[in-house]
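Participant: coordinates only, sequence not included:
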Ligand SMILES: Nc1ncnc2c1ncn2[C@@H]1O[C@H](COP(=O)(O)OP(=O)(O)OP(=O)(O)O)[C@@H](O)[C@H]1O
Ligand SMILES: CC(C)(CO)[C@@H](O)C(=O)NCCC(=O)O
Ligand SMILES: [K+]
């Protein structure tokens with residue numbers, strides 16, 4: 001093995017499926033390092049890294065956060081945990097902030113940097129929409145099952161369905177596998193189109209940026225945006241970008 005990199009702070013996002021680690025860089029974009037699955041793999045990965053602080057954003061069960069707390073203590077690391085909160089130039093619209101997913105809130109924080117209207121779509125385990133105006137007012141959003149979850153739900157509730165593991169080269173499925181894959185992809189694309197369509201009248205006529213993030217972002221083709229004038233940015237690590245901003249701006 002080569003020389004180990006030394007990082008002052010690692011950023012850790014734990015979703016419902018995957019975890020992602022990046023290195024914090026003051027006043028810069030974080031450097032993406034690793035994605036993985038499961039707590040054991042995460043522990044093994046972190047044990048190989050040289051770092052002092054760990055900044056965590058998790059939407060997984062609180063048990064995982066407890067386990068990470070214990071791990072950090074054993075390893076003599078400082079753990080700081082991001083939570084949805086007031087301030088940071090954002091007025092989110094949930095009456096109870098603790099019920100608004102911290103991953104969603106962090107994408108608002110990342111998008112706030114551009115000070116434009118933002119339509120944020122995270123295609124992960126769940127697909128989420130969050131709409132924020134150019135004043136940092138969060139207007140609300142949507143939550144729906146993600147691409148993989150839709151397929152799993154179909155498989156669980158039927159006996160004859162199968163799923164393609166690779167993108168079919170046809171647009172209309174001529175096999176069960178392809179029909180399921182293409183149908184779920186169409187639902188995802190439809191979510192995106194509806195998101196843009198229904199957000200449009202809610203946003204002032206200033207610049208609007210569409211941010212696409214999440215593990216399934218490549219399933220949303222450019223054609224989806226042809227009818228809209230918005231600038232589209234594919235930012236696979238938008239939650240980690242937001243976590244980086246939170247870490248930088250948080251009161252000690
Ligand atoms: N090995 C894998 N296991 C599970 N999902 C995978 C894998 N590789 C790619 N994916 C895709 O990643 C998607 C999950 O996206 P993401 O990586 O953003 O998960 P996540 O961070 O857990 O999501 P969320 O934040 O919604 O919980 C799945 O729908 C799936 O299509
Ligand atoms: C919607 C998910 C699962 C997306 O990761 C997460 O943000 C979450 O658990 N949110 C809590 C519910 C809410 O944001 O309204
Ligand atoms: K996510």
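Facilitator: Everything's here; your move. Note that the structure is a prediction, hence the values are computed from the model and not measured. Ligands and ions are numbered 1, 2, ... in the order given.

Participant: list the contacts for whatever residue of the stretch 1-150 of the chain ends up closest to ligand 3?
Facilitator: In the stretch 1-150 of the chain, no residue comes nearer to ligand 3 than residue 124, which is 3.5 Å away by C-beta to the ion. C-beta coordinates here come from the backbone N, C-alpha and C atoms, glycine included. Taking C-beta atoms under 8 Å, 6 or more residues apart in numbering as the definition of contact, the neighbours of residue 124 are 15-18, 146, 213-216.

Participant: now the residues you listed as TSV including neighbour count, secondary structure and pLDDT?
Facilitator: Formatted as TSV, the entries for the contacts of residue 124 read as follows, by neighbours: other C-beta atoms under 10 Å; DSSP: H, G, I helix; E, B strand; the rest coil; pLDDT from 0 to 100:
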residue	neighbour count	secondary structure	pLDDT
15	21	coil	96
16	15	coil	93
17	14	coil	92
18	15	coil	96
146	25	coil	97
213	25	strand	98
214	26	coil	97
215	19	coil	95
216	19	coil	96
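
Participant: filter these by proximity to ligand 1?
Facilitator: Taking C-beta under 6 Å from any ligand atom, the overlap between those and the neighbourhood of ligand 1 is 15-18, 146, 214-216.

Participant: what's the most distant pair in the residues you listed?
Facilitator: Between all members of these, the longest pairwise span (C-beta to C-beta) is found for 16 and 216 and amounts to 13.0 Å.

Participant: ok, residue 50 - how many residues close by?
Facilitator: The number of residues packed around residue 50, counting by other C-beta atoms under 10 Å, is 10.
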